[in-house]
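# Below are the sequence and a predicted model; questions follow.
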Amino acid sequence: KGSSLSSSSSSPSLLDTPPQCKSITVKDIGPLLSAKDAPQRILKLRNDMGSPDFELPDMKILPRFFIVTNYQNARKVLEHKSSVKAVLFDNFFENTTNDGMNFISANGERWKHVRKSTLTAFSSQNIKLMVSAISHIVDGWIDKTIDFDLNNNNNNNNNKSHIVDGWIDKTIDFDLEQQQQQQQQPSLVESEGNTCKIEEQNEEHIEEQNAAETKSGAVKCDHECHLHILEEMNKITANVIAKVAFDYDISDKERDAFLKDLLTCWQTFGVDASTDLRKQFRFTRWMFSDIRNAKRAAKRLFEFCAKMSESYRTKKEKQPHKLIHMILNDADYKDDEERFRDMVAFTIAGFDTTANTLSFTLLELAKNQEEQTKLRDALRVCESSDEAHSCPQLKNTVREILRLYPAVATGSLRQVHSDVILPATKKVIPSGSFVVSSYYAIQHDPDVFDDPNSFLPSRWEDATKEQNMSFLTFSFGKRNCLGQALAYAEMYEILAKLCKNYEFGVVNEGEASHVVLYKPEGTILSVKRAL
C-alpha cells in the first residue's frame, strides 16, 4: 500500500485498517479535497461508504491517505504524540507567504517558539483591551456605510439617484446576475455593485421621520440597503487585525490592495493549482502566467507586513501586549523574513476566517427571521458590551454557525509517525499515513446532531457530551487555533452591534463555497434599521 512504516509498526498485512474507497479514482482525489463543494463531497462519500473512516485510492507518489469523519477518531489523530502537519510537494500557505515556511505550515521548533512567544497576545486581559478598539472600528464602519446622512443626500441630489460609498440607490434596476459575476472577479473591493439605495423622500416626510425618531428614540426607516456581506465583513476584520494585532492604522487603499492580492493567492494557489499538477511542481509552474501573477501578489503581501513592522519599530511608545511586539522581540526567529512571513499568516488567519463566519451568521439570521428577532430581543436587554458578549442567545447563535460552516471545512491534514488505533472503530491508521479530519462531516453527523443541516441555535442550550466533543471548528490538540479567543470577542462585538439595531433580509443567497476556506460567495443582504 506504500506505507512508510516505522520499525515498531506491525506488518501492513496484519493491520485492520479502514476500508478503501472503490467508488472514486485517483483523478477524483483533487476535487474531493479542493473543489468548491469539497466538504459536501466528503460527507456524501462517507454516507455512501457506510463507514465513518475510509482510505482513498493509492496515489503511488504519496503515503496511504485516510479521511476520518468520527469525532472520537479525529480527536485521537489530532492529539496523538506522533501527529504532525503533513508536508506535501506543494503548500498553499507557504506559497502565499512569499515562498517560505510560516508557523502554520511548520513543525518542530519553528512552530513551537512562535506559539510560546505569542500566546499571551490572546490572553483574556489582552482581549479586553482589544474589544474597545474593535468597537471603535465597527462604529466607524456603521457610520460610514449604513448611517449616512439621508437629509443631505436628498437635499444635494434632489431627485437623482443617491450613490454612497459601498451602496447604490434602490430605484435603479438591481442586476443580480451582474452582481454575482462581479463577486467572482479577483478583487473583493472594486465591485461597482456593492451599493445601496435610498427611496426618494420629500422634505415633509423627512421632517416627520426626524421628529418621530427624536421623540421615541426608535429609528424607523422606509429605505433599505443592499450589500455584499462578505466584502463588508472583510473590510471590518482586516481593519481590526491591523490595529489590534499590529498597532497599524491601515488605510482603505492599503486594505483593499491587501484583500485583492490575498484573493489572487486563494484562487490561484489554493484552487486552480490543486487540479493541475504542472502548477504545483516548481520546475513547471513558472510557465503559467497566473502563477507568476500570484507570486507577485504574495510578494506584495510580504512587503506590506514589512511596512507594518517598520512602522511599529519607529514608534516611541511600544505596546508590549501587541502581537507585533512579541514577534519582533522573539529572538528565536532566524531573520526578519521569517517574521514577515508569520505576520502574513497571522493576518490571513486573523481576519478571513472571522469575516466568513460573520457573513454566514448574518445570512442565516436573514433566512430565519424568528431567530433574528429572538437574538435582537435578547441583546436589547443587555446593558453593557460585557453583558452582550455573555448573552446565551448570541453565544448559541455563533456556535451553531461555527458548527454548520467551519472555516477549514475539509479539515486538518496530519501525518502520523506511528500506528494509531481509532477508538470508535478500533481500526488502525498505519504509521506514515496522511489523515484528513473532516470537520464539516463530523459536525454534520446525523448520529450526533438531529437535523444536522438546519440552523438551530437552541440545540446548544442543553448540548450533549457528544455534541460538544464533535465541535472541532478550531481544531484540537497542540495545534488548535491560537487566536480563537480574539475571534470570539470580535464576532460577539460586531454581531451585538449589528443585530441589536438592524434587520437583515436576503436579496441573493449566493452559495457556500470552499475556496481554501469555507465562505459565502455572491451573498447579498438587505439591511434596514430595526424597530
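Received it, and whenever you're ready, just let me know what you need.

# Assign Ser526 to helix, strand or coil.
strand (DSSP: H, G, I helix; E, B strand; the rest coil).

# Break down the stretch 201-350 of the chain into its helices, ranges please.
Ranges of helices in the stretch 201-350 of the chain, per DSSP state H, counting those that start in this stretch, are 203-216, 229-246, 252-265, 282-285, 289-313, 323-328, 336-367.

# With only the CA atoms kept, save the fourth one in PDB.
The C-alpha trace of helix 282-285 is given here as PDB (Å, rounded to 0.1, in the frame of the first residue of the first chain):
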ATOM      1  CA  ARG A 282       8.500  24.200  -9.200                       C
ATOM      2  CA  PHE A 283      10.200  23.100 -12.400                       C
ATOM      3  CA  THR A 284       6.900  23.600 -14.400                       C
ATOM      4  CA  ARG A 285       4.900  26.100 -12.500                       C
END
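
# which helices and strands does it pack with?
If you count contacts as 3 or more CB pairs under 8 Å, 6 or more residues apart in numbering; DSSP states H and E, helix 282-285 packs onto no helix or strand. Glycine gets a C-beta too; all of them are placed from N, C-alpha and C.

# Can you pull out the residues in contact with it?
Ala273, Arg278, Lys279, Ile291 (CB atoms under 8 Å, 6 or more residues apart in numbering).

# Let's have these in CSV, adding neighbour count.
Below are these laid out as CSV (neighbours: other CB atoms under 10 Å):
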residue, neighbour count
Ala273, 24
Arg278, 12
Lys279, 20
Ile291, 21
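
# ok, of those, which one's closest to Ala530?
Ala273 (44.3 Å; CB to CB).

# Show me the residue at the heart of this structure, geometrically.
In the chain, the residue lying closest to the centroid (CA atoms, centre = their mean) is Thr353, at 1.7 Å.

# My guess is it contacts Leu517. True?
Yes: the pair Thr353 / Leu517 is scored as a contact, 6.2 Å apart, by CB atoms under 8 Å.

# shared neighbours, those two?
Common contact partners of Thr353 and Leu517 (CB under 8 Å, 6+ apart): Ala407, Val408.

# Just the endpoints, please. Distance across stretch 506-521?
Start to finish, the residues bounding stretch 506-521 are 13 Å apart (CA to CA, to the nearest Å).

# I'd like to know how many residues surround Lys116.
The number of residues packed near Lys116 is 13, by other CB atoms under 10 Å.

# Please identify the helix or strand for it.
helix 108-118 (DSSP states H and E).

# Can I get that helix as PDB, trimmed to CA atoms?
This file holds the C-alpha atoms of helix 108-118, laid out as PDB (Å, rounded to 0.1, in the frame of the first residue of the first chain):
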ATOM      1  CA  GLY A 108       9.200  21.400  15.500                       C
ATOM      2  CA  GLU A 109      11.000  24.400  16.900                       C
ATOM      3  CA  ARG A 110      10.000  26.700  14.000                       C
ATOM      4  CA  TRP A 111       6.400  26.400  15.200                       C
ATOM      5  CA  LYS A 112       6.900  25.900  18.900                       C
ATOM      6  CA  HIS A 113       8.900  29.100  19.600                       C
ATOM      7  CA  VAL A 114       6.200  31.200  17.800                       C
ATOM      8  CA  ARG A 115       3.400  29.600  19.800                       C
ATOM      9  CA  LYS A 116       5.300  30.200  23.000                       C
ATOM     10  CA  SER A 117       6.300  33.800  22.300                       C
ATOM     11  CA  THR A 118       2.800  35.000  21.100                       C
END
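
# Between helix 229-246 and the helix or strand following it, find me the angle.
Counting by DSSP H and E, the next helix or strand C-terminal to helix 108-118 is helix 124-145. Angle, helix 124-145 to helix 229-246, by axes from the mean of the first three to the mean of the last three CA atoms, to 10 degrees: 140 degrees.

# quick one: helix 124-145 to helix 252-265, angle?
Angle, helix 124-145 to helix 252-265, by the same axes, to 10 degrees: 100 degrees.

# average pLDDT for helix 124-145?
For helix 124-145, mean pLDDT rounds to 94.

# cool, and stretch 39-57?
Taken as a whole, stretch 39-57 has an average pLDDT of 96.

# Same question for stretch 353-372.
Across stretch 353-372, pLDDT averages out at 98.

# buried sites along it?
By neighbour count on 16 or more other CB atoms under 10 Å, the buried set for stretch 353-372 is 353-366, 368, 371-372.

# ok, the spatially closest residue to Pro52 that is not a sequence neighbour - contacts?
Excluding its sequence neighbours, the residue lying closest to Pro52 (CB to CB, 6 or more residues apart in numbering) is Asn70, at 3.8 Å. Asn70 sits next to Pro52, Asp53, Leu422, Ala424, Thr425, Ile442, Asp445 when contact means CB under 8 Å, 6+ apart.

# From these, which land in helices?
Among the contacts of Asn70, the residues falling in helices (DSSP state H) are Ile442.

# Make JSON lines from the contacts of Asn70 and add distance to Thr473 to it.
JSON lines is the format used below for these (distance: CB to CB, whole Å):
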{"residue": "Pro52", "distance to Thr473": "19"}
{"residue": "Asp53", "distance to Thr473": "20"}
{"residue": "Leu422", "distance to Thr473": "21"}
{"residue": "Ala424", "distance to Thr473": "20"}
{"residue": "Thr425", "distance to Thr473": "23"}
{"residue": "Ile442", "distance to Thr473": "10"}
{"residue": "Asp445", "distance to Thr473": "14"}
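
# need the least confident one among the helices of the stretch 201-350 of the chain, by mean pLDDT.
helix 203-216 (a mean of 41).

# now the residue nearest to Lys76 when sequence neighbours are not counted: how far from Glu79?
Nearest residue to Lys76 in three dimensions, chain neighbours excluded: Pro423, at 5.6 Å (CB to CB, 6+ apart). Separation of Pro423 from Glu79 (CB to CB, to the nearest Å) stands at 11 Å.

# Kindly report the same for Ser454.
Taken as CB to CB, the span from Ser454 to Glu79 is 30 Å.

# repeat for Thr284
38 Å.

# same thing with Ser390?
29 Å.

# Could you check how far Tyr518 is from Thr268?
Taking CB to CB, one finds Tyr518 at 19 Å from Thr268.

# brain fart, Gln415
Going from Gln415 to Thr268 by CB to CB gives 26 Å.

# Of those two, give the one with the bigger neighbour count.
More neighbours surround Thr268 than the other of Gln415 and Thr268, with 24 against 19 (other CB under 10 Å).

# could you list every residue that touches the more buried one?
Taking CB under 8 Å, 6+ apart, one finds Asp290, Ile291, Asn293, Ala294 in contact with Thr268.

# what's the answer for Leu78, then?
Contacts of Leu78 (CB under 8 Å, 6+ apart): Ser412, Arg414, Ser437, Leu472, Ser475, Phe476, Gly477, Arg479.

# ok, back up a step: of all the contacts of Asn70, which comes closest to Ala485?
Closest to Ala485, out of all of these and judged by CB to CB, is Ile442, at 22.4 Å.

# Tell me, how many residues neighbour the closest residue to that closest one other than its chain neighbours?
Nearest residue to Ile442, sequence neighbours excluded (CB to CB, 6+ apart): Tyr71, at 5.1 Å. Tyr71 has 25 neighbours, counted by other CB under 10 Å.

# Can you give me the pLDDT of Tyr71?
At Tyr71, the model reports a pLDDT of 98.

# Kindly report the same for the one 5 residues further on.
As predicted, Lys76 sits at a pLDDT of 98.

# isn't it right up against Lys427?
No: using CB under 8 Å, Lys76 is not in contact with Lys427, being 10.9 Å away.

# any shared contact partners between those two?
Common neighbours of Lys76 and Lys427 (CB under 8 Å, 6+ apart) are Ile421.

# Surely Val435 forms part of a strand?
Yes: membership of Val435 in a strand is supported by three-state DSSP.
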